[in-house]
Each structure stands twice: as C-alpha cells, then as structure tokens.
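>>> return a 3D structure for these sequence lines:
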Amino acid sequence: MKIIINFCVFSSIMFCTYLCSAKSLNVLPYTKSYSANDTLKYNTKNINQLGFFKGVLCVNVELPKELIITNGYLKIDFPFIDSCIVKSNGQTLYKLGDAYNFNNRPIAHKTFILPITKLMAINGIQFTVYGNGEYTRFPLQYGTLDELSNDNTTNLFLGAYNGVIVFAVFLSIFLFFSLRERIYVWYLLFLGATFVFQFSTEGLTFQYLWPNYPWWANHAIPFSGALALFMLVAFTRQLFKNSETKTLRIIYTSAQFALVLFVLFALLPNPYYSISLVGASVASIFINLFLLSIGVYYVIKKHPQAYYYTTAFSMLIVAIILSQLTYNGVLPLNFLTNNIVLIGSGVQIVLLSLGLSRTITEFKRAEELAQQALLAQLKKQTEDQQKANEVLELKVQERTLALAELNNEHTQSVTYASYIQASLLPSLSLIKERLNDSFVLYNPRDIVSGDFYWYCDVQTSAVPSVNLQVLCAVDCTGHGVPGAFMSLVANNLINLTIKDDNVNTPADVIAFVNKNLAQAMNKNDDIQVINDGMDIAVCAYEPITQTLYYAGANRPLYIVKHNTQELIEIKATKVSVGGHTPITQTWENVTIALNAGDCFYLSSDGYADQFGGEKNKKMTTKRLKEFLIQIHALTMEEQKQALQNYFTTWQGAEQQVDDVMLIGVRV
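From the prediction side, this is the model:
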C-alpha cells in the first residue's frame with residue numbers, strides 16, 4: 001500500500017515538474033492600470049493576482065510598434081472575468097466575460113482572444129473590467145492565433161485529469177453494483193460535482209455545455225464547489241459510519257448545513273452570491289483540515305481505508321494552501337500554482353479510489369474468515385459426532401445385530417440427509433414403465449434439492465371418470481436445505497390431492513397446494529410467518545385419446561410436434577404458489593391434442609439460468625428450446641444424454657447456479 005501511495009506522489013511531482021517546464025508565451029506589459037476612482041494603481045504583477053475582486057478596474061495598453069503586425073492577436077489568459085468592455089479611441093470593440101453569451105466572442109476559446117485591429121494598433125486599447133467578487137486576474141499575452149489557442153501542455157494536463165475522473169467513475173460504478181454500498185453513490189456524486197467545478201474553473205463548461213447561459217456560467221463555480229464539499233463530507237461519514245461519535249455527528253451536521261447554505265446562496269444575487277464565493281473558499285480549507293484530522297484519527301485506529309484517505313487529503317490540503325497563498329500574492333503565479341488545486345484534486349481522487357478498491361479485498365477477506373470459521377465449526381461438529389459414534393459403538397457392541405443395524409441406518413440417515421428426499425421421489429423405473437419413452441434429468445445444485453418431480457396414475461372422481469397419468473415438475477423457493485424442506489411440504493400436499501374428490505384438473509392441483517400451503521406453514525401464531533412458495537407445472541395425460549391437460553404456475557410446457565418439427569410453448573399463469581398469493585387464486589387449464597411421436601417437456605428454471613458459454617452468460621430458454629428442436633428425433637434416453645452433455649459443456653468451469661430438473665415424454 002505504501003509503495004502505491006509513494007508512487008502516486010512521485011508521479012504527481014514529476015508530472016508537475018514537466019508542466020512547470022512548459023514554454024511560456026510573451027507577456028504584454030501595461031501602460032497604466034487603475035481602479036475606477038483612480039485611488040489605487042496596479043502594476044503588471046499585482047494585476048495578475050487581484051484575489052476576490054469586487055469593483056471596476058481600468059487598464060490602458062499601448063501596443064509597441066513591433067507588435068503592429070498582420071494577423072497579430074491578444075489573449076486575456078483568464079476565463080472568469082465577469083464583464084470586460086474593450087474600447088479603442090472611445091469606440092467599443094468587444095464586450096467579453098461571463099455576462100455575455102459565449103458565441104459572441106470573436107474567437108471560440110475558453111479564454112479571450114482578440115485580433116489586433118489597425119485602430120487598436122494606432123490608438124491603443126482601453127479595458128474596463130467589472131468584478132463581482134470572484135477570484136480575478138488580468139494577464140495579457142500576444143502572438144499568433146495558433147500560439148495563443150493551442151496549448152498542448154494544458155490539453156495534456158486536462159486530459160490526464162479527465163482520465164482520472166473517468167477511471168474513478170467506472171471503478172465506483174463497478175464497486176456499487178458489486179457490493180451495493182451507499183458510500184459509492186456519495187462518491188459518484190462527489191466526482192460529478194468536482195468535475196463540474198474543476199472544468200468550470202477552466203472555462204470548458206461554459207464553452208461546451210452551456211454557452212448560451214451566461215448566468216449559470218457565472219454561478220456554476222460556487223454552486224458546484226460547495227456541492228462537492230457537501231458530498232465529500234457525506235462520503236466521509238459513510239466511510240467511517242460504524243465509529244461515529246456524538247461530537248463528530250454534530251460537527252458533520254453543522255458543516256453540511258453551512259455547505260447547503262453556500263449552495264443555495266450561489267444561486268442568489270449579491271450579497272449572497274459573494275458570501276457563497278468567499279464562504280465556500282474559506283470553508284474548503286477548514287473542512288478539508290477537519291477531514292484530514294478525521295483520517296489521522298482513523299489511521300491511529302488502524303481503519304483499513306484510513307491510510308489512503310489521509311494521504312489523499314494531505315495532498316489536497318497542501319494544494320489548497322498553496323492556491324490561497326497564490327491568490328493573496330505570497331507565491332508567484334506560474335503554471336503549477338495556477339493549477340495546483342486541479343493537481344491536488346486529481347491526486348486525491350486517485351488515492352480515494354484506490355482506498356475504495358480495497359473494500360473488495362476486505363470483503364473477500366471477511367468472507368474467507370467466515371468460511372474458515374464455518375469449516376472449523378463443521379470440523380468440530382464432525383469430530384464431536386465421530387466421538388459420539390465411537391462412544392455409541394462401545395455401548396452397543398453387546399447388543400443384538402438388529403440393534404446394530406438400526407443404529408447404522410440411523411447414522412447413515414444423519415450423514416446422508418439427501419436419502420430422505422430421494423426416497424420421497426417417485427421411482428424412475430415406475431415412470432419408465434408407465435411412460436415408456438421418457439426421461440428425467442435431475443441434477444441438484446447441492447446435496448439436497450428444492451426441485452422435485454412427482455408422478456401418479458389417477459382416476460378422476462368426476463363423471464364420467466377418466467384414467468390419467470399425472471406428472472408434476474415443482475421448483476420450490478431456494479435450493480439446498482431450505483429448498484429441500486419446502487419440497488417435503490409440497491410433495492405431501494400434492495399427495496393429498498389424490499384423495500380429494502374436488503381435485504379433477506391440473507389447475508385444481510395447483511389451487512389445492514396454494515390453499516393448503518399457507519395453512520401448513522403459518523398455523524402457529526408464535527412463529528414468524530413463512531412467505532416462501534414454489535413454481536409448478538402439472539400435466540395429466542390421457543393415453544386413450546392422446547390428450548394432454550396442463551396448468552402451470554410460472555412454469556411453461558414445451559411441445560415439439562413430430563410432423564412439423566416446430567416447438568410450441570404453452571405459457572403458464574404468471575402467479576406463483578404460496579408467498580403472498582391469495583388462497584382464492586385460480587390457474588388456467590389448457591387442453592392439447594397430441595399425435596404419435598410428439599414430445600412434451602416440463603422443467604424448472606435451473607437449466608436455462610445456468611451461466612457459461614464463451615461470454616459467461618445465461619443459457620436462456622431460447623437456447624434450450626432451439627436445442628430441444630434439434631434433438632427431438634432421438635430416443636428419450638439419447639435426448640437425456642444430449643441435454644446433460646450440452647449443459648456440462650455450457651457450464652464449463654462455472655459453478656452450478658441452481659437445481660436442474662428437466663422431464664421429457666414422447667407420445
């Protein structure tokens with residue numbers, strides 16, 4: 001971690017050194033500069049460091065004869081002048097600044113570039129600058145248009161900063177969708193406000209985002225600056241929320257309240273606008289010092305992200321202090337000091353982003369520790385069980401063989417809990433005997449499954465009575481042990497439908513399970529209500545007439561026609577069984593006439609939901625249906641093997657995501 005931080009700091013210093021070595025343009029001296037009442041005169045140095053200027057400044061410039069050349073240009077190399085009237089010999093030539101539309105400028109540039117006219121060359125130039133309380137400078141440069149408009153060093157610098165912002169945004173989005181933590185939302189909002197603030201100070205937002213809205217261009221800086229500070233405080237609170245004290249809570253809330261006022265004042269006219277400008281600037285120093293002290297405090301507490309956080313704010317605090325010394329004339333104005341806040345902000349964002357990225361490492365570490373603790377607990381339980389078994393074996397050595405066998409069966413039933421569930425499933429040989437050409441593909445994700453299949457020969461109680469072969473595919477909520485417990489309840493309820501004279505159709509089966517599931521799961525008022533449920537597909541096949549009766553709760557029926565080789569999907573009713581479904585809910589019955597050779601399929605969602613393939617995406621029901629059409633001419637055993645191979649190939653090295661069950665029958 002320290003190596004990364006030192007590398008970032010070293011890289012920043014080297015980059016800044018490169019920037020400071022950039023070639024400077026020719027600076028034009030002033031003949032005379034003074035305030036409106038002519039009581040305070042300025043020279044070339046201090047007119048470039050006016051600070052937070054509010055008033056009127058007049059500057060007279062006489063061009064040296066050697067500058068009276070063809071295609072000569074002047075440049076006011078500062079993008080944030082409220083209003084500037086350019087005159088020559090009493091004639092108004094240009095009106096520049098934030099008070100006017102960007103498109104009115106003679107040259108489309110973030111600063112102010114003016115062509116040198118003959119009138120200006122002969123009679124000189126008079127600039128009248130109006131300040132509204134913002135930080136103001138008035139540097140003049142001269143040269144050709146290419147020299148003044150193309151600044152490769154600045155473009156490289158802004159491009160690097162823009163790359164930092166984009167990197168931080170994508171990293172935060174990735175972390176948010178990976179961990180679902182609110183802290184990344186605050187950080188994204190902080191990045192957005194910081195982007196607007198920094199690029200507004202460069203004049204780029206006025207040039208590219210709102211060139212026809214000078215009012216907003218004039219108010220965007222204090223608004224976005226105060227907003228970025230607010231988001232930064234909110235981000236810090238979220239980062240260290242687990243150890244926030246009452247005192248810290250009061251300080252955080254007070255700082256955020258003041259920043260909200262500055263955000264609102266930035267949208268109002270003077271004197272509120274000036275209060276926002278100066279207040280947000282001063283607040284940035286104290287708030288960042290406070291946040292830096294918070295970082296130092298948590299470094300002492302050995303918080304995992306505090307090292308990056310503290311280093312980031314140290315860099316930003318140094319940048320802010322240097323910028324304030326520059327604004328007040330203590331430090332000389334050059335490329336580095338003019339952009340020091342942008343540099344500090346970029347380094348801060350890089351370090352904060354690296355600190356946030358450690359969250360994944362910490363999360364994985366916590367997950368590994370939890371898994372190790374679970375494995376240790378399971379190991380201890382296994383050892384305890386083994387010891388208990390040894391003691392038990394010693395006690396039953398003298399008992400009869402029957403008791404020993406009974407004890408062995410009991411041990412196996414505890415060790416292999418999946419046998420309980422497997423014993424409740426219908427015999428595959430019975431299904432093959434009754435449905436000659438059929439298969440059942442059944443792959444639990446864990447040892448036990450939330451999916452199960454059910455089969456029974458049924459004679460309806462309706463008049464006239466009909467002999468039916470009833471087949472169900474049930475997908476209970478969850479998988480593993482919770483799903484297995486739910487499958488036991490569901491299996492029992494379906495068994496009860498055989499004895500109920502009111503159950504005569506597949507839809508009746510689903511309605512019966514739905515009605516009785518709520519009563520079976522929630523009959524004790526002292527136990528928390530269980531809202532889990534299941535999806536079911538029920539088919540009743542009448543062999544004599546080759547008629548298939550179907551009803552489904554969120555699970556469809558697929559039929560591949562032998563003659564036309566097309567797949568027909570019979571959609572299910574989009575309502576699950578159990579959960580919040582009312583007991584009066586009904587499901588739709590569908591009657592389908594089949595022909596010899598037709599195949600129909602029931603399934604849970606586990607097969608189609610498996611991730612894999614070249615791009616690690618879901619298989620989807622579309623691919624499953626296409627594959628069923630391809631293999632429908634094979635025998636059902638061959639189809640089962642083909643489906644298993646296709647699933648294994650698609651899954652590859654990926655983990656199975658859900659229980660898999662797919663049933664196929666050929667008429």
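
>>> what about the helices in the stretch 551-667 of the chain?
620-631, 636-651 (DSSP state H, counting those that start in this stretch).

>>> what packs against the longest one?
The helices and strands touching helix 636-651, judged by 3 or more Cβ pairs under 8 Å, 6 or more residues apart in numbering; DSSP states H and E, are strand 438-443, strand 611-612, helix 620-631, strand 660-666. All C-beta atoms are positioned from the backbone trio N, CA, C, and that covers glycine.

>>> and these: which comes nearest I494?
Nearest of those to I494, taken as Cβ to Cβ: strand 660-666 at 14.8 Å.

>>> what does that closest one contact?
Strand 660-666 has contacts (Cβ atoms under 8 Å, 6 or more residues apart in numbering) with 435, 437-445, 449, 451-453, 471, 473, 475, 541, 597-604, 606-607, 610, 636, 639-640, 643, 647.

>>> partner strands of that strand, parallel or antiparallel?
Here strand 660-666 has these sheet partners by DSSP bridges: strand 438-443 (antiparallel), strand 599-603 (antiparallel).

>>> which residue ranges of the stretch 201-350 of the chain form helices?
Assigned by DSSP H, counting those that start in this stretch, the helices in the stretch 201-350 of the chain fall at 204-208, 214-239, 246-265, 272-300, 306-327, 335-338, 340-396.

>>> centre of the chain to the second one, how far?
Its chain's C-alpha centre lies 22 Å from the corresponding centre of helix 214-239 when counted by Cα atoms, centre = their mean, to the nearest Å.

>>> could you export stretch 601-620 as CSV, CA atoms only?
Presented in CSV, the C-alpha positions along stretch 601-620 are these (Å, rounded to 0.1, in the frame of the first residue of the first chain):
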residue,chain,number,x,y,z
TYR,A,601,-41.2,-31.3,-21.7
LEU,A,602,-41.5,-29.9,-18.2
SER,A,603,-38.7,-28.2,-16.4
SER,A,604,-37.6,-25.9,-13.5
ASP,A,605,-35.7,-22.7,-14.3
GLY,A,606,-32.2,-24.1,-13.3
TYR,A,607,-31.2,-25.4,-16.7
ALA,A,608,-31.9,-22.2,-18.7
ASP,A,609,-30.5,-20.0,-15.9
GLN,A,610,-27.0,-21.6,-15.9
PHE,A,611,-24.1,-19.2,-16.6
GLY,A,612,-21.4,-20.3,-19.0
GLY,A,613,-20.5,-20.3,-22.7
GLU,A,614,-17.8,-18.2,-24.2
LYS,A,615,-19.1,-14.9,-22.7
ASN,A,616,-20.2,-16.4,-19.3
LYS,A,617,-23.9,-15.5,-19.9
LYS,A,618,-27.1,-17.3,-19.1
MET,A,619,-28.1,-20.1,-21.4
THR,A,620,-31.7,-18.7,-21.6
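
>>> so, low pLDDT: which residues of the stretch 351-500 of the chain?
356-367, 370, 396-417 (pLDDT under 70).

>>> recalculate using a threshold of 80.
Filtered on pLDDT under 80, the stretch 351-500 of the chain yields the residue ranges 351-378, 382, 388-422, 460-464, 478-483.

>>> ranking helices and strands of the protein by mean pLDDT, which lands last?
helix 2-20 (a mean of 40; mean pLDDT, DSSP states H and E).

>>> that older thread, most tightly surrounded among the strands paired with strand 660-666?
Highest mean neighbour count among the strands paired with strand 660-666 (mean count of other Cβ atoms under 10 Å): strand 599-603, with a mean of 25.

>>> name the element the most centrally placed residue in the chain belongs to?
Residue closest to the average C-alpha location in the chain (Cα atoms, centre = their mean): F177, at 3.2 Å. Assessed by DSSP states H and E, F177 sits inside helix 152-179.
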